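Participant: Have a look; sequence and predicted model below, questions after that.
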Amino acid sequence: MNRLIPLALAALILPQTGVAQMKPQPEQTTPAADQLRYVGMWVTQDGRIRHELLPNGRYDEARGSRQSAYQGRYVVTGNHIDYWDDTGFTADGTFVSDDVLHHGGMVFYRQKPGQ
């Protein structure tokens with residue numbers, strides 16, 4: 001009989017088997033309310049870096065004249081955001097308000113529609 005090992009039990013067994021553990025990279029299927037709250041374009045004060053959070057759990061970041069410089073997945077939990085770039089790079093940030101995001105030593109501001 002083939003049964004899946006419950007995750008809690010697997011967490012106890014796997015470290016003893018010598019199997020390398022990797023940081024999980026959740027697949028986003030349905031956006032959570034936290035995630036939808038921050039969907040939109042986020043820009044640095046000088047407009048050089050533009051970070052678009054899409055409603056499907058993906059992001060697209062432009063830098064200067066380079067469109068789509070970075071793309072990947074993101075997950076928002078409360079006011080914390082985790083990013084998994086398609087190239088394997090990971091990062092995180094904190095929303096300090098509905099309109100301000102601190103990420104990678106930079107401050108991003110929510111771009112209002114029509115700007």
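Facilitator: Right, received. Where do you want to start?

Participant: Can you check my assumption that E52 lies in a strand?
Facilitator: Yes - E52 forms part of a strand when assessed by DSSP: H, G, I helix; E, B strand; the rest coil.

Participant: what are the bridge partners for it, then?
Facilitator: On the basis of DSSP bridges, E52 is bridged to M41, D60.

Participant: list the contacts for it?
Facilitator: Going by CB atoms under 8 Å, 6 or more residues apart in numbering, E52 touches G40, M41, W42, Y59, D60, E61, A62. C-beta: built from backbone N, CA, C; applies to glycine.

Participant: pLDDT score for the residue most central in space within the chain?
Facilitator: With distances taken as CA atoms, centre = their mean, the residue of the chain nearest its centroid is Y74 (2.1 Å). Confidence at Y74, expressed as pLDDT, is 95.

Participant: so what does the lengthiest strand in the chain touch, helix or strand wise?
Facilitator: Secondary structure of the chain per DSSP state E: the longest strand is strand 66-77. Under the contact criterion of 3 or more CB pairs under 8 Å, 6 or more residues apart in numbering; DSSP states H and E, strand 66-77 touches helix 33-37, strand 58-63, strand 80-85.

Participant: pLDDT on the shortest one, on average?
Facilitator: What that stands for is helix 33-37. On average, helix 33-37 scores 81.

Participant: try the last one
Facilitator: Summarised as a single mean, pLDDT over strand 80-85 is 95.

Participant: partners of that strand in the sheet?
Facilitator: For strand 80-85, pairing defined by DSSP bridges yields strand 66-77 (antiparallel), strand 90-97 (antiparallel).

Participant: got the CA coordinates for the longest one in PDB?
Facilitator: The C-alpha atoms that make up strand 66-77 are tabulated as PDB, following Å, rounded to 0.1, in the frame of the first residue of the first chain:
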ATOM      1  CA  ARG A  66      16.000  47.500 -19.100                       C
ATOM      2  CA  GLN A  67      12.500  46.100 -19.100                       C
ATOM      3  CA  SER A  68      11.900  42.800 -17.300                       C
ATOM      4  CA  ALA A  69      15.400  42.800 -15.800                       C
ATOM      5  CA  TYR A  70      14.100  40.400 -13.100                       C
ATOM      6  CA  GLN A  71      11.000  38.200 -13.000                       C
ATOM      7  CA  GLY A  72       9.800  35.600 -10.600                       C
ATOM      8  CA  ARG A  73       7.300  34.600  -7.900                       C
ATOM      9  CA  TYR A  74       6.400  36.400  -4.700                       C
ATOM     10  CA  VAL A  75       4.400  35.600  -1.600                       C
ATOM     11  CA  VAL A  76       3.100  38.100   0.900                       C
ATOM     12  CA  THR A  77       2.500  37.200   4.500                       C
END
